[in-house]
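Novice: I need the structure of the sequence given here:
(2 chains)
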Protein chains: 2
Amino acid sequence: MSKELVFGHQNPDTDAIVAAKAYAYLQNKLGLDVEAVALGEPNAETNFVLNYFDEPAPRVVTEAKSEVESVMLVDHNEPQQSISDIEDLQVTHVVDHHRIANFNTSAPLFYRSEPVGCTSTILTKMFDEEKVEIPAQLAGLMLSAIISDTLLLQSPTTTEADKIAVKTLAEIADIDYEAYGIKMLKAGTDLDSKSDKELVDGDAKSFTMADKSVRIGQVNTVDLQDVISRQAGLVAAMDAERASEGYDLFLTLATNVLDSNSVLFVSGDPTEPVEAAFNAKFEDGRMSLPGVVSRKKQVVPPLQDAFEK
Amino acid sequence: MSKELVFGHQNPDTDAIVAAKAYAYLQNKLGLDVEAVALGEPNAETNFVLNYFDEPAPRVVTEAKSEVESVMLVDHNEPQQSISDIEDLQVTHVVDHHRIANFNTSAPLFYRSEPVGCTSTILTKMFDEEKVEIPAQLAGLMLSAIISDTLLLQSPTTTEADKIAVKTLAEIADIDYEAYGIKMLKAGTDLDSKSDKELVDGDAKSFTMADKSVRIGQVNTVDLQDVISRQAGLVAAMDAERASEGYDLFLTLATNVLDSNSVLFVSGDPTEPVEAAFNAKFEDGRMSLPGVVSRKKQVVPPLQDAFEK
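Specialist: Okay, the predicted model is just below:
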């Protein structure tokens, strides 16, 4: 068998980096020659995690076909989220927890997807199925990925399987996952070092709702006042992005990862469907959204419904 | 949880029928309300299997949305091989051993695919992982599906996992799988009782290759001359199917299950990519393909590549 690369999505988060490392470890134990790489540098949270467990960041690659013929994907499957030359590579393995879209192969492959909060939760089960022990250091990384994706098991994407995996991994890593998790989430919310543009667009995704182009970003914080104090700059940055990219409406959700409350900032029109979606009003250009943490589950679906009414 | 249906592909073969029954059994044990159904009547081989193990054939359905909102797929994923109203249904689970193509969901789901010879091999592993015992009768069905898909472990699609599953299932079912397997394969090759249309379309699957609609059928036999003597009728039947269903190209692979050689019959255009794929020419409307027994592994991938060049 020739060497393969395994990687997560572009703009990697902790799960994208960690799941690649974990799956490479598992595949190497099963006899394949696999190297974990990344499609970008680790973010602040992932750097905290790698430092904490004394693990190197994976090598960053922008294309793969100069070194391998086939690859494995973790934490994504959609080609536009993957490596630039994905169309020239054979995908042999996928482990993921997202919808399947625009993913086509010409040959059968290993594909393992479950509707759980984190890829590392599925990998925890796969180590168990293959009877491969998870080393303590790797368990710490995988635990961090689940804490990151589920906001310490608070996000509505959290499943029973995620909770079981966190307990298993915390035991192997011998770590108080709640105390560690808060430290880790805080490390990922160093907003001071980021520009207003980076904050609103760093994690933003585009959606088409009725005939409107809607851009929705999300910023995690441990203190919503930190973000509110930058409102004027954030709105100016959203205005500029709308002007240059042609979005009708730009929304930025600032989420307190410790108490699971959010504030929504707005730029552009129409704002009526947003107010209808959440049954609340914008005041001073922002809206309070208690209990909302998940863009995927709590923001996009009600907005889509309100726009299409 | 509301009730779901689980089914294999159109023109069901033994694996499509059996994997649906096995997955429904497993899901019911895990607490879901799932009924195994089929998208067509069992073929001669499957009827032999169901009679042998005294199991009823699943209910045949042609659409699902009048009775359920969501479904599970086994032994296929491509929508054109699935139920007629698949676009109106949510797919929550897939267990399959084919390539992934044109399969898109709006939500995360369970998807389990492995490049092994048979869906029932993957299901055998899943019963083990979930610690659910396989009843003897069901083990006999699953064993039959693997024998059918791998031609008694002779097909190049056969993997180590298939061999292990056959041994496990033969023990549970308490059966001499080689003697039983030859009887079962012969039962599936009674071609005299079938019309030309039944031969070409009974096991056929549709594929989109470049912008062409390609239909590929397969007929198992113990004597290729029996099939060659019916060539004129088979081609006329393929012509008629193309006219009524709009396929560009119809191919029928006749396979000798005892010596693993095939002959390919053709109707429609273009034939150049077919000749390029196999580096051989059609002579008198047919092409000899020694050693070719697997549509999935030895026919679809080279054809797809040739069409997309």
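Novice: Around chain B, pick out the residues from the stretch 1-150 of chain A.
Specialist: A:97-115, A:129 (C-beta under 8 Å from any C-beta of the partner chain). C-betas here are computed from N, CA, C, even on glycine.
Novice: Provide a ChimeraX selection command restricted to the buried entries of those.
Specialist: In ChimeraX syntax, the buried subset of those is picked out as below (16 or more other C-beta atoms under 10 Å in any protein chain shown):
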select /A:97,98,99,100,103,105,106,107,108,109,110,111,112,113,114,115
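Novice: So which of the residues of the stretch 1-150 of chain A next to chain B are in helices?
Specialist: Among these, DSSP state H puts A:Glu129 in helices.
Novice: just checking, A:Gln218 touches A:Leu251?
Specialist: No: at 9.3 Å, A:Gln218 and A:Leu251 do not qualify as touching, with contact defined as C-beta atoms under 8 Å.
Novice: low-confidence ranges in chain A?
Specialist: A:1 (pLDDT under 70).
Novice: need the helices for it, in chain order.
Specialist: A:14-29, A:44-52, A:119-129, A:136-150, A:160-173, A:177-187, A:196-201, A:224-228, A:231-245, A:272-278, A:300-307.
Novice: buried sites along the fourth one?
Specialist: Residues of helix A:136-150 classed as buried under the neighbour-count rule (16+ other C-beta under 10 Å) are A:138-150.
Novice: can you tell me how far A:Leu251 sits from A:Val222?
Specialist: For A:Leu251, the distance to A:Val222 equals 21 Å [C-beta to C-beta, to the nearest Å].
Novice: domain ranges for chain A?
Specialist: As assigned by automatic domain parsing, chain A contains the domains A:4-187, A:196-308.
Novice: A:Gly291: how many residues sit nearby?
Specialist: 11 (other C-beta atoms under 10 Å in any protein chain shown).
Novice: Quick check on it: phi, psi?
Specialist: phi 80, psi 0 (degrees, to the nearest 10).
Novice: do A:Gly188 as well
Specialist: Residue torsions, per degrees, to the nearest 10, at A:Gly188 are phi -90, psi 0.
Novice: Check the gap between the closest residue to it other than its chain neighbours and chain B for me.
Specialist: Nearest residue to A:Gly188, sequence neighbours excluded (C-beta to C-beta, 6 or more residues apart in numbering or on different chains): A:Glu45, at 2.7 Å. To chain B, A:Glu45 is 22 Å away according to C-beta to the nearest C-beta, to the nearest Å.
Novice: how about stretch A:261-280 as PDB, C-alpha atoms only?
Specialist: The C-alpha trace of stretch A:261-280 is given here as PDB (Å, rounded to 0.1, in the frame of the first residue of the first chain):
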ATOM      1  CA  ASN A 261     -26.100  33.100  25.600                       C
ATOM      2  CA  SER A 262     -25.600  35.100  22.400                       C
ATOM      3  CA  VAL A 263     -26.000  38.600  21.000                       C
ATOM      4  CA  LEU A 264     -26.700  39.100  17.300                       C
ATOM      5  CA  PHE A 265     -25.300  42.100  15.400                       C
ATOM      6  CA  VAL A 266     -26.800  43.200  12.100                       C
ATOM      7  CA  SER A 267     -25.800  45.000   8.900                       C
ATOM      8  CA  GLY A 268     -28.000  45.500   5.900                       C
ATOM      9  CA  ASP A 269     -31.600  44.400   5.000                       C
ATOM     10  CA  PRO A 270     -34.100  42.900   5.500                       C
ATOM     11  CA  THR A 271     -34.200  42.800   9.300                       C
ATOM     12  CA  GLU A 272     -37.900  42.000   9.600                       C
ATOM     13  CA  PRO A 273     -37.500  38.300   9.000                       C
ATOM     14  CA  VAL A 274     -34.700  38.100  11.600                       C
ATOM     15  CA  GLU A 275     -37.000  39.800  14.200                       C
ATOM     16  CA  ALA A 276     -39.800  37.400  13.200                       C
ATOM     17  CA  ALA A 277     -37.500  34.400  13.400                       C
ATOM     18  CA  PHE A 278     -36.500  35.000  17.000                       C
ATOM     19  CA  ASN A 279     -39.600  36.900  18.100                       C
ATOM     20  CA  ALA A 280     -37.400  39.700  19.300                       C
END
